[in-house]
Every structure is written in C-alpha cells, then in structure tokens.
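[1] My questions are about this predicted structure, shown below with the sequence.
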Amino acid sequence: MYINSLKRGNLMNNSTPLSRIAIFLMCALFMISLQVYAGGVMLYEISSADTRLASAGWSSRAQDPSTVFTNPAGMSRLCGEQVQFGAQPIYNYIQFDPNSRTNVSGQHGHANKWLPSGSLFYVRPLDESFTFGIGSLGYFGSDLHYNNHWVGRYYVQDVLMMGFSLVPALSYRINDCLSIGVGANVMYGIMKQRSAVNNILDQAPDGYFNLKDNKVSAGGVFGVLYEMTPSTRFGVQYLTSVKLGFRDRPKFSNIGPILTGILDEVGILNSTLNLKIRVPQSVIVSAYHDLAYNWSMMADIGWQQWSRFERTEIVLADLAQTSFQFTVKYRDSWHAALGTEWHVDDCWTLSSGIAYDSAAVSTSERTFTFPVGRQWRLGAGARWMKSCNLIFDFSTALLWQGDLKATQTRGAFARTVSGKYKNMYTAFACLNLTWLF
C-alpha cells in the first residue's frame, strides 16, 4: 500500500498548518548542525527510500515527502499533510598509501570518520490542483580530516566544503496524467581548509594556514511527472547550478621569520583569496512500473555538469608565484540506476537497488581535497506501515569507489605526493519517520 493511497489520519490534528510550518522551520535550522558534516560530493541518499533503492526511481516514485526535492511535481500524488524526518549516520573509509615517487616524509594518510546527517520534509495540499512543500537537506559537499603528519599535509590537512539546502516548492496537477513542479534551492555554503606550510627555509617544524568563509546563494529545482497509467509513470528532475563565492584572507601560524618575510614580499601574506564554486547542475530521467500487484521496478539515467565545477585548490607550492591557487579540471559524469520493490503485505515493503556514476575527474587531475572516482552503489531496506498515520523506513547502502590513484606535484614546497587510495568506500544507514496528519 502506498503513502498516497492512505486516508488522512488524526495524528497531531490539534495543531494548525501554520504552526506545523513554524515547527518545521525551527527543526530545519537545527538540521544545519547535522547536515554540514555529511560526507561525499554529490549524494543521492537524502531519504531512506533513495538509500535502499540506490536512487532508482529518483524522479518517478513520488511516494513520500522527499519528492519535494527529487521531483516537486510528485507532490501532486501525495494524500493530505505529511512530514518526514530522516536520521542518517555515514561512515567514510579513506586510506592513502604513498608509493616510491613520494618525496615528502610522513605517514600514510587516513580520513576514516563517522559523520551525522539528516533531512526533513513537509508537504501540504492547498487545493485539488496545488500542493506546497518544503525540505531541508544536504546533497553536496566533502568533509575530510586527515591524520597529522601524513605525506599530503602540504596539500591539505583538513577540508570542509558543504552546502545545506532549504527547498520550498509548489506542484500543480494539470490533469489526471500530468503534473509540474518548481522549487527554490536556497543553499548555505560553508568552506574551511587547513593545510601545512613547509618551514624548510627556517629549518623549523611545519606551520599552517587556515581559510574559512560561508555564503548564501540560490538555484532552482524543476520537475515533471507523467502518469501514463495507474501502474506506470515517468519523471524528470532538473536541478540548476548554484554559484558560491567564498572570500577570505589566509591566516598563517607557526611560520619562521625567513618564510614570513618572503611571503610578505611576494604579496601572499596579506592577500585576499576569491574562491568560486559552482555546484553542478543535473538532469535525472526516471521510470516506475508495477510489474504485478506486489512487485515494482524503477530505473534512472542522469547527467551532472562537473566540467563547470570550478573547484580551486589552495596550496603553498612555490614562492616564485604571487598566488597559491590552482584550478582543477573536472568532467561531466553520467548516472544509471535500477531498483525493485516487493510489497510483502499491506504493512511491509522490501527494496533493493544498484547504481553507477562515472568519474567526474581523470586520474591525472585527482586531488587530495576531492578524491573521487567512478562510483557503484548498492542499497537495501524496508518500509513498515505501523498505522495509517505512521510509517517507518529503514535502509542501508554501500558506495564503493575501490582503488583510486592520485599524484600531485605543485612545487618545491609541496613537493611530490603519489600513491593510491585503497578500497575507498562510504557506508550509509538511514531511518525515516513519516507522519500523516
């Protein structure tokens, strides 16, 4: 049984829609503290359903309030007021083994870490045609904290690049088959980086420089849902790019007097860095079909425009230059997913899915700040309808990148670091609660 087929319950009926929206916004502000630490680069795991299905049916399922983001047109399928809360711990396994080309002393690198994440969505029909929704989520970012004294510390020690999104959206049902939707993607971006500075001129231990800034910017999300028959539907999500312009003056610490004088002379010491990030735009086309009364299949194809990502790497590599910004070349990536749901009975649904994303960067351009490659996703989970008003959704997924080679040579200070990220993966566990009012 699907969420959109349920009758409206009486849970929390004593509260008004406006009060529920106010409560939602307060909870959304609290969610910032969770989502800014979510790992990854572009995540599909924004809800339990997307996690257990490895994103399959992303823009065509429209079975719960997370459709606010995945396809705002899908809100037309939902029945009554609904709110969904998701909690999701994430584990990143990142282990770098240097090879003989590395000419920097130091340890192997590891950035293994548990990260909290979550999401919050609210949907309310306004009349027979219009439905309003709002979502709080994080789908873009990277959070890496390498161990001290690792060989790549002159490139990066810690880096946080994160976008937290608040998405108000509206859907309109044109007829029984066709719905459209639009939303604003208001993104709060956070940038922090800490890297070591080679104090070789002063024959002293490493110094450090720090950068940090935050910005608010906006983009849009657009969706179309076409329900060809009661058992077959197609969806499209278009997510625009979001431009984040960070600006900060690097703060140096523990650097020797000789290096300080040279940095001041070449204009780096008091320089202001302008860092432009363009969160990629994307398109996902999705299909959903009921093969039988208790068995459904879903599929996706998608595209992300990483070629205009404009990620700038900050490395103090060579004093012959008056800047220490390096532009990294990324390339567009492609996505495909396939998933299935088995409706055991009116209360239980089991799901699984598999997905593939091509690499957004070549091996020669891969950096230690964004170590990404081609990605395989495997997901599984279950949905349990406890009552007509309350639904639990459990899921787990594995994002596998395997072995990733990386080599960087930026100058006499940063030197050459070469090696391999071994068996790199990210594990997700997710719990969603959905209330129907």
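    In hand now; what should we look at?
[2] Is residue 51 in a helix, a strand, or coil?
    The three-state label given to residue 51 by DSSP: H, G, I helix; E, B strand; the rest coil is helix.
[3] Quick check: closest non-adjacent residue to it.
    In space, and not counting its chain neighbours, residue 51 is closest to residue 395: 4.0 Å by Cβ to Cβ, 6 or more residues apart in numbering. Every residue, glycine included, has its C-beta placed from N, CA and C.
[4] I'd like the average pLDDT over the helix or strand encompassing that neighbour.
    Under the criterion DSSP states H and E, the helix or strand holding residue 395 is strand 390-409. Summarised as a single mean, pLDDT over strand 390-409 is 96.
[5] for the stretch 151-300 of the chain, what are the low-confidence residue spans?
    By pLDDT under 70, the stretch 151-300 of the chain has no low-scoring segment.
[6] Okay, and the beta partners of the residue nearest to residue 51?
    Residue 395 forms beta bridges with residue 381, residue 430, as assigned by DSSP bridges.
[7] hang on, it packs against residue 379?
    Yes - Residue 395 is in contact with residue 379 according to Cβ atoms under 8 Å; the separation is 6.3 Å.
[8] got any residues that touch both of the two?
    51-52, 351, 428 (Cβ atoms under 8 Å, 6 or more residues apart in numbering).
[9] pLDDT and neighbour count added to the residues you listed, as a markdown table?
    Shown next, in a markdown table, are the shared contacts of residue 395 and residue 379 (pLDDT from 0 to 100; neighbours: other Cβ atoms under 10 Å):
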| residue | pLDDT | neighbour count |
| --- | --- | --- |
| 51 | 97 | 30 |
| 52 | 97 | 29 |
| 351 | 98 | 26 |
| 428 | 96 | 26 |
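[10] between those residues, which is closest to residue 83?
    Distances from residue 83 to the shared contacts of residue 395 and residue 379, taken as Cβ to Cβ, are shortest for residue 51 (18.8 Å).
[11] ok, now which ones touch the closest one?
    Residue 51 makes contact with 45, 88, 379, 381, 395-397, 428, 430, according to Cβ under 8 Å, 6+ apart.
[12] so how far is residue 83 from the nearest residue to residue 364 once chain neighbours are set aside?
    The shortest distance from residue 364 to any non-neighbouring residue, by Cβ to Cβ, 6+ apart, is to residue 407 (7.6 Å). Distance from residue 407 to residue 83, counting by Cβ to Cβ, to the nearest Å: 48 Å.
[13] what do you get for residue 233?
    Taking Cβ to Cβ, one finds residue 233 at 24 Å from residue 83.
[14] can you check residue 314 too?
    Residue 314 is 41 Å from residue 83, by Cβ to Cβ.
[15] for the stretch 301-437 of the chain, what are the low-confidence residue spans?
    310-313, 316-325.
[16] quick one, strands of it?
    Counting by DSSP state E, counting those that start in this stretch, the stretch 301-437 of the chain has strands at residues 312-314, 325-327, 333-343, 348-357, 375-385, 390-409, 416-436.
[17] How about the longest strand anywhere in the chain, which residues are buried there?
    Longest strand of the chain, by residue count under DSSP state E: strand 207-229. Within strand 207-229, the residues scored as buried using 16 or more other Cβ atoms under 10 Å are 207-209, 211, 213, 215, 217, 219-225, 227.
[18] what about stretch 164-181, start to end distance?
    21 Å (Cα to Cα, to the nearest Å).
[19] Please identify the buried residues of it?
    Buried-residue list, stretch 164-181, by 16+ other Cβ under 10 Å: 164-173, 179-181.
[20] residues contacting residue 129?
    Residue 129 neighbours (Cβ under 8 Å, 6+ apart): 172-173.
[21] do you know how far it is from residue 175?
    10 Å.
[22] Next: residue 193.
    Going from residue 193 to residue 175 by Cβ to Cβ gives 51 Å.
[23] now residue 145
    On the measure of Cβ to Cβ, residue 145 and residue 175 end up 52 Å apart.
[24] before we move on, the earlier item: now the buried residues of stretch 164-181 in CSV, with secondary structure and distance to residue 387?
    Putting these into CSV (DSSP: H, G, I helix; E, B strand; the rest coil; distance: Cβ to Cβ, whole Å) gives the following:
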residue, secondary structure, distance to residue 387
164, strand, 32
165, strand, 31
166, strand, 30
167, strand, 28
168, strand, 29
169, strand, 27
170, strand, 29
171, strand, 26
172, strand, 31
173, strand, 27
179, strand, 28
180, strand, 33
181, strand, 29
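[25] Pull the most distant pair out of these.
    It's 164 and 173 that sit farthest apart of the buried residues of stretch 164-181, by Cβ to Cβ, at 30.2 Å.
[26] Is residue 192 in contact with residue 156, as I believe?
    No - counting by Cβ under 8 Å, residue 156 is not a contact partner of residue 192; they are 11.0 Å apart.
[27] The residue lying closest to residue 128 once chain neighbours are set aside pairs with what?
    Spatially, and ignoring its direct neighbours in sequence, residue 128 is nearest to residue 173 (7.4 Å; Cβ to Cβ, 6+ apart). Per DSSP bridges, residues listed as beta-bridge partners of residue 173: residue 179.
[28] Thanks a lot, see you next time.
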